[in-house]
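[1] Got a sequence here, can you model it:
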Amino acid sequence: MKKSIFTLSKMDCSAEEQLVSLKLSGLKEVKNLAFDLSERSVTIVHAGDITAVEDALQDLNLGAIHISSEYTDEREPIQPKDERRLLIYVLAINAFFFVLEMTTGILSNSMGLVADSLDMLADAFVYGLSLLVVGSTMLRKKRMARSSGYLQLLLAVVGLTEILRRFWGLSEVPVYSTMIAISFLALFGNVACLIILRKARSNDPHMRASQIFTSNDVIINTGVLVAGVLVFLTGSKIPDLIIGSIVFVIVVRGAFRILNLAK
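    Predicted coordinates for the structure are as follows:
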């Protein structure tokens, strides 16, 4: 057995950890995974050559770089015994905030909230895939990844089209108070998800600040919040449309990463 360390410079949130876990779970060589989000790294216990593992990581386009490999006696299973329960918690949180942000985004005319709701949906797809493919066949995993990836991509393209329409046409200024309040709630929801998933991989109950604030989801929530403040200060719809565009692009990027699971 060998223990190999990879850095993944574009691994910004716990959902992307799950993508890595899903991708590597189909390799018979892989026996154990340990993530460090603050360092953007993964430690992999595996049998045989590292080539298959490295190729799988490169497929996800997360900037994987092989740092080191050494022999080890570790043979722990990939999935912690309580991970299914914790994945259900984070799936429920993301699904709840998807509905909340989509509803309030439409009612308040905020594309930032609508876009962030789709980012929540994207995370829910990943956590749902992680739950449903445990113990299932590789073919089933690939089919589900492909379906969820295409749906996510379709929703993001529709959102970007709507933003272009609003840039060049008439639309109301978003309700800034709703943007600020809901983005605050979503921020706490994402931090809660991160804490829950950290507990699955560590006996240490304390969280380093960097593990929270390097999360892509938290940065997105903060962006929507700032856009709400700028809408209030300027009386313009432009800050909301700009942050919405950025988030939709992030959702598109996530969709392609999910589709890479189906290769």
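[2] In this protein, what helix or strand scores lowest on average pLDDT?
    Comparing helices and strands within the chain by mean pLDDT, DSSP states H and E singles out helix 209-213 as the least confident, with a mean of 47.
[3] pull the CA atoms of the next helix or strand after that one into CSV?
    Helices and strands here follow DSSP states H and E; after helix 209-213, the next one along the chain is helix 216-234. The C-alpha coordinates for helix 216-234 follow below in CSV (Å, rounded to 0.1, in the frame of the first residue of the first chain):
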residue,chain,number,x,y,z
ASN,A,216,-16.5,29.0,-2.6
ASP,A,217,-20.1,28.9,-1.3
VAL,A,218,-19.4,31.3,1.5
ILE,A,219,-17.7,33.7,-0.9
ILE,A,220,-20.8,33.5,-3.2
ASN,A,221,-23.1,34.3,-0.3
THR,A,222,-21.0,37.2,0.7
GLY,A,223,-21.1,38.5,-2.9
VAL,A,224,-24.9,38.4,-3.0
LEU,A,225,-24.9,40.2,0.4
VAL,A,226,-22.6,42.9,-0.9
ALA,A,227,-24.6,43.2,-4.1
GLY,A,228,-27.7,43.9,-1.9
VAL,A,229,-25.9,46.7,-0.1
LEU,A,230,-24.8,48.2,-3.4
VAL,A,231,-28.4,48.0,-4.8
PHE,A,232,-29.4,50.0,-1.6
LEU,A,233,-26.6,52.6,-2.1
THR,A,234,-27.0,53.1,-5.8
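[4] from the middle of its chain, how far away would helix 216-234 be?
    With Cα atoms, centre = their mean, to the nearest Å as the basis, the distance from the averaged C-alpha position of helix 216-234 to the chain average is 19 Å.
[5] I'd like the numbering to begin with 8 instead of 1 from here.
    Sounds good: first residue 8 from here, last item helix 223-241.
[6] Report the rounded mean pLDDT for it.
    Over the span of helix 223-241, the pLDDT mean works out to 90.
[7] same question, stretch 257-266
    Stretch 257-266 comes out at a mean pLDDT of 86.
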